[in-house]
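Novice: Model the following, please.
(4 chains)
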Number of protein chains: 2
Amino acid sequence: MKPKIDDVARLAGVSPTTVSRVLNDRGYISNETKEKVQDAMAKLNYFPNDIARSLYTKRSNLLGIIMPTTSNPFFGELTFHLESICASLGYKVLLCNSLNQKDKEKKYLDMLMRNQVDGIIVGTHNLGILNYQKQNLAVVSIDRYLSETIPVVSSDNYEGGKLATELLVRKSCEHIVLIDGVKEIEKSYLRREAYIDTLDKIGKTPIIYEIPEVFNVQSQQEIIENIFSEHPEVDGVFATNDIFAASFITAAKRYGKKIPEDIKVIGYDGTETVRTVLPDLTTIRQPIEMIAKEAINILLKEIEGEFTDPLHETKLPISLIEGSTT
Amino acid sequence: MKPKIDDVARLAGVSPTTVSRVLNDRGYISNETKEKVQDAMAKLNYFPNDIARSLYTKRSNLLGIIMPTTSNPFFGELTFHLESICASLGYKVLLCNSLNQKDKEKKYLDMLMRNQVDGIIVGTHNLGILNYQKQNLAVVSIDRYLSETIPVVSSDNYEGGKLATELLVRKSCEHIVLIDGVKEIEKSYLRREAYIDTLDKIGKTPIIYEIPEVFNVQSQQEIIENIFSEHPEVDGVFATNDIFAASFITAAKRYGKKIPEDIKVIGYDGTETVRTVLPDLTTIRQPIEMIAKEAINILLKEIEGEFTDPLHETKLPISLIEGSTT
DNA sequence: TTTCATATGTCAACGGGTTGACATATGAAA
DNA sequence: TTTCATATGTCAACCCGTTGACATATGAAA
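Specialist: Prediction:
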């Protein structure tokens, strides 16, 4: 059986209250007693039961992180930073990979509520559910507009979309295709809007390809290949994430198109992984670590009840990284 | 205040015990009562407190996952699969990114113990700590030999290393360099051993480059660049992960070397991300999902106490994916 | 000598849900 | 009419650590 506080007390020859005082650094304890207790804990291999602790204190120090999937480099890196920061602040992280599936998100949310998480960081977009379940729960969203009461942290998507499109225009692309995710209600499409606006301004027509199953490589490839038959004139591609961009480049090679000579390509995200594996790719880099920091900042304020602004939105700066694909 | 079981009971007009009976599907309950209770729960937005529940049942249904970093595509994908499978089995996951740092791993382990996890899945290699802290804790390791009592799940690293090296030999490479991580005590180096054995057999000398900070892109690049000055004759490279391979290819380009004409390169892991971003890369693919499944299988058996074999090792099949870099 | 900061003990309530023991009531089958 | 499965209630103990109230003891400063 696992040792409990009474076992420690007995071995150390003190009362359970004293052990608790040592554990929580409360009241008066002599160094001598403190050491005796710590020795006993070490000897017994005692770990205080945080579950019992949480029950009494009503603070779980648990945060939920709901992401589509840590398989994706953007979310994988985001999750890493989020968790690292949480750990440094004494928060523990319950990880949820929802794959953007509504039913899974619902289940995960339920699970997080039952586990008394102090807050939730959301990187997926189906959680309209949150509205009425919210109650006092602290929530912060990354890059998704979930509801009017949930603060959003994102990078400057409009600026990013503008920078990307303008670069292609500046490089004399005449037929610029956008490869994007599917337009859904809960998600803002600022990258797309910037693309459309920028083309509008110079009298060009947007050509948009939507990839529905973000995490299904197969269908992704098929849709991208359609571009070559349906728009053989394409000479510029703005992909709203680097994976799409990479898939396009692969397809382009198969179709005998040279990059950047025949077609210029710019991606989005600029994750470390893609920067390492495909350093040539021109992309818009998101400040992933900064996003993580800011999201947690806001969430902690919500948890402490210091946060009141209902329509809070944080836009962090992006940067253009020019490789050799443009 | 959050509603509790008594609030639900009051609203439904039943006793708390009856609510508990509904929650746990225990004893006799009429459908009518069941519905009344469920309605009340819905109305109050009640979530049973899993913390209180765990305290009594002594089962947290919590698993700890300790990985170096989810930023890395291999571990990101592994974490995704592990978490997904856990979720489908009713287990919750506490995520830990240790960056392979001993002090962090120690802290994480401590945290997991305090949180009464039912088991731990380890993908890092510093946990000699586990030996004496282990007690009754169920642990399974992925690809690392932590101690004699901890089962290991991995893919067939020796076979993979052999396949990779043999491919380079078959493609007439004369000077084959291995790019590997740093050799440490707790980790097995079967990929490296296979490389050495294979070269030995045909009378060639191994040339090994070790990259210490797996997650520091900077130093990684520097070490790799040394290859060109120290071994300009190199015409084949076996990198023990795809990221190293990609870094080498980048460096090779900078040095005016053509791949595969001048130098042939094979990587390791074959993650979806790298397969998408750099599909040309020849690599040894690990069955990541299968590894995750098997690890959890074993862990659950340990938790249920059905597991006895102390020296358990599972080797899953790898496969060669030939791209155009060899 | 008095006073007070320091040091430790005892005790019980508390957090929220679970469970076993036991009581009671109803309606259908034997 | 008896019996029993079904249905629900009451009650208290339990899980484990925390905390406040209160008692007691010691030694040093005033």
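Novice: list the contacts for residue A:193?
Specialist: Taking C-beta atoms under 8 Å, 6 or more residues apart in numbering or on different chains, we find residue A:193 in contact with A:158, A:161. (Each C-beta comes from the backbone N, C-alpha and C, glycine too.)
Novice: Any idea how far apart the tips of stretch A:274-285 sit?
Specialist: This stretch, stretch A:274-285, spans 11 Å end to end (C-alpha to C-alpha, to the nearest Å).
Novice: got the buried residues for it?
Specialist: Buried positions in stretch A:274-285, judged by neighbour count with 16 or more other C-beta atoms under 10 Å in any protein chain shown: A:274-279, A:281-285.
Novice: if we take these, which one ends up nearest to chain B?
Specialist: residue A:277 (4.2 Å; C-beta to the nearest C-beta).
Novice: That closest one contacts residue B:279, doesn't it?
Specialist: No: between residue A:277 and residue B:279 no contact is recorded; they are 10.8 Å apart, counting by C-beta atoms under 8 Å.
Novice: quick revisit: among the buried residues of stretch A:274-285, name the ones in helices.
Specialist: Using DSSP state H, the members of the buried residues of stretch A:274-285 that fall within helices are A:274-277.
Novice: I'd say residue A:41 and residue A:5 touch.
Specialist: No: in this structure residue A:41 lies outside contact range of residue A:5 using C-beta under 8 Å: 9.4 Å.
Novice: Which residues are in contact with whichever residue of the stretch 151-300 of chain A sits closest to DNA strand D?
Specialist: With C-beta to the nearest atom of the strand, the shortest gap between the stretch 151-300 of chain A and DNA strand D falls at residue A:300, namely 19.9 Å. With contacts defined as C-beta under 8 Å, 6+ apart, the neighbours of residue A:300 are A:89, A:119.
Novice: one step back: any chance of the ones in helices among the buried residues of stretch A:274-285 in CSV, with pLDDT and distance to residue A:121 too?
Specialist: Supplementary listing: those in CSV, determined by pLDDT from 0 to 100; distance: C-beta to C-beta, whole Å:
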residue, pLDDT, distance to residue A:121
A:274, 97, 23
A:275, 96, 24
A:276, 95, 26
A:277, 96, 27
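Novice: before we move on, the earlier item: tell me the spacing between the residue of the stretch 151-300 of chain A closest to DNA strand D and residue B:232.
Specialist: In this structure, residue A:300 lies at 54 Å from residue B:232, with C-beta to C-beta, to the nearest Å as the measure.
Novice: from the chain's centre, how far out does stretch A:52-72 sit?
Specialist: If you compare the mean C-alpha spot of stretch A:52-72 with that of the full chain, they lie 15 Å apart, counting by C-alpha atoms, centre = their mean, to the nearest Å.
Novice: cool, and stretch A:9-17?
Specialist: In terms of C-alpha atoms, centre = their mean, the gap separating the centre of stretch A:9-17 from the centre of its chain is 46 Å.
Novice: before we move on, what about stretch A:225-235?
Specialist: On the basis of C-alpha atoms, centre = their mean, stretch A:225-235 sits 32 Å off its chain's mean C-alpha point.
Novice: how long is it from one end to the other?
Specialist: Distances were taken as C-alpha to C-alpha; on that basis the terminal residues of stretch A:225-235 are 14 Å apart.
Novice: and residue A:79, what helix or strand is that in?
Specialist: In the assignment (DSSP states H and E), residue A:79 maps to helix A:73-88.
Novice: how many degrees apart are that helix and helix B:73-88 in direction?
Specialist: Taking axes from the mean of the first three to the mean of the last three C-alpha atoms, to 10 degrees, one finds that helix A:73-88 is oriented at 80 degrees with respect to helix B:73-88.
Novice: what mean pLDDT does the helix or strand just after helix A:73-88 have?
Specialist: Read in the C-terminal direction, the helix or strand following helix A:73-88 is strand A:92-97, with elements assigned using DSSP H and E. Confidence over strand A:92-97 (mean pLDDT, whole number) is 98.
Novice: How about stretch A:309-321?
Specialist: According to the model, stretch A:309-321 has a mean pLDDT of 88.
Novice: cool, stretch A:190-200 as well?
Specialist: When pLDDT is averaged along stretch A:190-200, the result is 96.
Novice: Identify each buried residue in it, please.
Specialist: Buried residues in stretch A:190-200, counted by 16+ other C-beta under 10 Å: A:190-192, A:194-196, A:198-199.
Novice: Strands of the stretch 101-250 of chain A, residue ranges please.
Specialist: With DSSP state E, counting those that start in this stretch applied, the stretch 101-250 of chain A shows strands at A:119-122, A:138-142, A:152-155, A:176-181, A:207-211, A:236-239, listed in chain order.
Novice: For DNA strand C, see how far away residue A:281 is.
Specialist: According to C-beta to the nearest atom of the strand, to the nearest Å, residue A:281 stands 51 Å off from DNA strand C.
Novice: Could you check how far that residue is from residue A:319?
Specialist: As it turns out, when the distance is counted by C-beta to C-beta, residue A:281 lies 14 Å from residue A:319.
Novice: ditto for residue A:21
Specialist: Distance check for residue A:21 against residue A:319: by C-beta to C-beta, it reads 52 Å.
Novice: if you count what's nearby, which of these two comes out ahead?
Specialist: Here residue A:21 and residue A:319 are set side by side on neighbour count (other C-beta atoms under 10 Å in any protein chain shown), and the busier one is residue A:21, at 18 against 14.
Novice: Any chance of the backbone angles for the closest residue to the more buried one other than its chain neighbours?
Specialist: If you skip the residues right next to it in sequence, residue A:21 has residue A:27 as its closest partner in space, 5.0 Å away by C-beta to C-beta, 6 or more residues apart in numbering or on different chains. The phi/psi pair for residue A:27 (degrees, to the nearest 10) reads phi 60, psi -160.
Novice: if we can go back for a sec, so which of the buried residues of stretch A:190-200 is the closest to DNA strand C?
Specialist: When the buried residues of stretch A:190-200 are ranked by distance to DNA strand C (C-beta to the nearest atom of the strand), residue A:190 comes first, at 41.2 Å.
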